[in-house]
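Enquirer: how would this look folded up:
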Amino acid sequence: MKALIESIVTPLVDYPDDIVITETEEETKIIYHLTVNQEDVGKVIGKNGRIAKAIRTVVYAAKSDANKRIYLDIM
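Expert: Now for the predicted structure:
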């Protein structure tokens, strides 16, 4: 899942080396924390959050474990 998130976000940002994706797994959910360079935050979120919503939609659709919910936190 980290590779999917990285492949979606990399073309959007100016500083692809600053992309950090961390995974936190709990009993009922998996949370992915996406951190990008401060100058790229607006590009990843998009106007009115449209790009962030689209990224979340793709990630949620690609989940592999049906028992755990997946969350994407963009910082």
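Enquirer: residue 33 and residue 13: what is the separation?
Expert: Summarising the geometry, the distance separating residue 33 from residue 13, computed by Cβ to Cβ, to the nearest Å, is 16 Å. Where C-beta positions appear, they are placed from N, C-alpha and C, glycine not excepted.
Enquirer: tell me which of these two has more neighbours.
Expert: residue 13 (17 against 14; other Cβ atoms under 10 Å).
Enquirer: and that one, what does it touch?
Expert: When the contact criterion is Cβ atoms under 8 Å, 6 or more residues apart in numbering, the partners of residue 13 are 19, 36-37, 40, 43-44.
Enquirer: which secondary structure element contains residue 52?
Expert: helix 50-61 (DSSP states H and E).
Enquirer: need the three-state assignment for the closest residue to residue 58 other than its chain neighbours.
Expert: Sequence neighbours aside, residue 8 is the residue nearest to residue 58 in space, at 6.5 Å (criterion: Cβ to Cβ, 6 or more residues apart in numbering). Three-state assignment for residue 8 (DSSP: H, G, I helix; E, B strand; the rest coil): helix.
Enquirer: ok, residue 35 - contacts?
Expert: 18-22, 75.
Enquirer: brilliant, that's me finished.
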